[in-house]
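# Sharing a sequence plus its predicted fold:
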Amino acid sequence: EDEGFDVSLQGTGGSSDVAQLLASGNAPVGMGVPGAMLPVIERGEELYPFFTYAYGEVFDVVVPEDSDLQEIADLEGLTLGVSSLGGGEIPLVRALLSEVGLDPDSDVRVIAVGADAPTVRLSLENGDIDAFSTAKSDIAAITAAGVELRSIAPDSLDTLPAEGLLASAEAQEDDELLIAMGRATAKGQLIAYTNEDAAVCLLKEEIPEEFTDEQAGRDSLSAVLEITTAPENDDGTYQFGFLDAEGWNTYVEIFFQGDLLEEVFDMSPYVRADLLDEINDFDQQEIVDMANELPTDC
């Protein structure tokens with residue numbers, strides 16, 4: 001509202017759906033992960049990343065704490081559960097399996113089990129699945145429910161532009177819109193960094209279904225904040241939205257190795273890093289002061 005735009009949030013089935021909405025021009029801006037966006041770009045659709053809000057891969061592959069499995073290669077011949085066969089974790093899972101020489105279609109059985117804690121716990125305890133992959137925020141909720149899990153994903157994923165905002169071909173010509181979307185997102189992030197309890201109250205109003213179990217909702221938010229805390233400047237302020245072509249090109253290499261892309265291509269023509277200075281052109285202390293005044297008694 002402060003930026004002069006009336007924005008509505010439309011839920012989808014995941015990043016793959018967002019990619020299709022952007023490609024078809026049915027949404028100007030969407031939020032999603034590279035694994036779903038890159039195959040669409042390779043097909044000739046123009047999607048333009050312009051703001052990163054999650055740093056390091058947002059999806060993970062986990063096993064029970066006492067499992068003998070130590071790395072992705074150990075999944076050969078076993079069953080991997082995922083939240084959904086159309087979820088954002090699927091491209092990453094396929095790439096990680098292929099990277100260690102496993103055929104995602106034959107060497108590992110991948111099945112959908114959902115992401116709610118009781119189902120995942122039962123699937124693991126019954127031996128229906130040997131490992132599980134979904135968003136880190138969902139994994140945090142599952143561990144908060146008492147399921148002890150351990151990641152077997154490679155450490156190299158921790159520094160990539162894991163998730164962010166992308167513009168459609170038409171919207172990417174509207175710098176004013178993209179700057180407004182990025183700046184408003186940055187302000188929202190800063191409020192959550194500053195006053196997590198107030199952020200919970202705001203989120204309970206916007207997405208109450210995520211807080212039917214309040215502690216699980218809080219744990220999920222805390223997990224999200226861990227991967228969405230922006231890099232700091234020398235003066236202690238944050239550099240919101242950082243992205244560059246190099247990070248996106250790293251993802252291109254990963255997914256090419258995973259046979260999800262037919263060729264390696266350069267993301268430089270698509271990455272809109274030129275808007276970051278204007279996106280960050282706001283008084284961060286003003287937002288911090290605002291956040292500290294927000295109610296927390298919810």
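Structure received.

# Can you pull out the low-pLDDT segments for the stretch 51-200 of the chain?
Scanning the stretch 51-200 of the chain with the threshold set as pLDDT under 70 gives 159.

# at 90 instead, please
55-59, 85-92, 94-95, 98-99, 135-138, 140-141, 143-146, 154-162 (pLDDT under 90).

# can you map out the strands along it?
For the stretch 51-200 of the chain, the strands defined by DSSP state E, counting those that start in this stretch occupy 59-64, 79-82, 109-112, 131-135, 149-151, 161-167.

# need the helices for the stretch 151-298 of the chain, in chain order.
175-194, 196-206, 214-228, 245-257, 276-279, 284-293 (DSSP state H, counting those that start in this stretch).

# So which of the ones you listed is nearest residue 42?
helix 245-257 (8.7 Å; Cβ to Cβ). Any C-beta I mention is one placed from the backbone N, CA and C, and that applies to glycine too.

# Which strands and helices lie in contact with that closest one?
Judged by 3 or more Cβ pairs under 8 Å, 6 or more residues apart in numbering; DSSP states H and E, the packing partners of helix 245-257 are helix 34-42, helix 89-99, strand 161-167.

# now the angle from that helix to helix 89-99?
70 degrees (axes from the mean of the first three to the mean of the last three Cα atoms, to 10 degrees).

# Can you point out the buried residues in helix 245-257?
245, 247, 248, 249, 250, 251, 252, 254, 255, 256 (16 or more other Cβ atoms under 10 Å).

# who wins for proximity to residue 91 among the helices of the stretch 151-298 of the chain?
Going by Cβ to Cβ, the one of those nearest residue 91 is helix 245-257, 6.3 Å.

# which outside residues touch the closest one?
34-35, 38-39, 49, 91, 95, 98-99, 159-161, 261-268, 270-271, 273 (Cβ atoms under 8 Å, 6 or more residues apart in numbering).

# And the buried ones among the residues you listed, selectable in PyMOL?
A single PyMOL command selects the buried members of the contacts of helix 245-257 (16+ other Cβ under 10 Å):
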select buried, resi 34+35+38+39+49+91+95+98+99+160+161+261+267+270+271+273
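
# if we can go back for a sec, rebuild the buried residues of helix 245-257 as JSON lines, extending it with pLDDT and distance to residue 214.
Putting those into JSON lines (pLDDT from 0 to 100; distance: Cβ to Cβ, whole Å) gives the following:
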{"residue": "245", "pLDDT": "94", "distance to residue 214": "41"}
{"residue": "247", "pLDDT": "90", "distance to residue 214": "35"}
{"residue": "248", "pLDDT": "94", "distance to residue 214": "37"}
{"residue": "249", "pLDDT": "93", "distance to residue 214": "41"}
{"residue": "250", "pLDDT": "87", "distance to residue 214": "38"}
{"residue": "251", "pLDDT": "88", "distance to residue 214": "35"}
{"residue": "252", "pLDDT": "92", "distance to residue 214": "40"}
{"residue": "254", "pLDDT": "81", "distance to residue 214": "37"}
{"residue": "255", "pLDDT": "83", "distance to residue 214": "37"}
{"residue": "256", "pLDDT": "86", "distance to residue 214": "43"}
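
# want to throw these into JSON lines with distance to residue 201?
Shown next, in JSON lines, are the buried residues of helix 245-257 (distance: Cβ to Cβ, whole Å):
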{"residue": "245", "distance to residue 201": "38"}
{"residue": "247", "distance to residue 201": "34"}
{"residue": "248", "distance to residue 201": "35"}
{"residue": "249", "distance to residue 201": "40"}
{"residue": "250", "distance to residue 201": "38"}
{"residue": "251", "distance to residue 201": "35"}
{"residue": "252", "distance to residue 201": "40"}
{"residue": "254", "distance to residue 201": "38"}
{"residue": "255", "distance to residue 201": "39"}
{"residue": "256", "distance to residue 201": "44"}
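
# Good, we can wrap up now.
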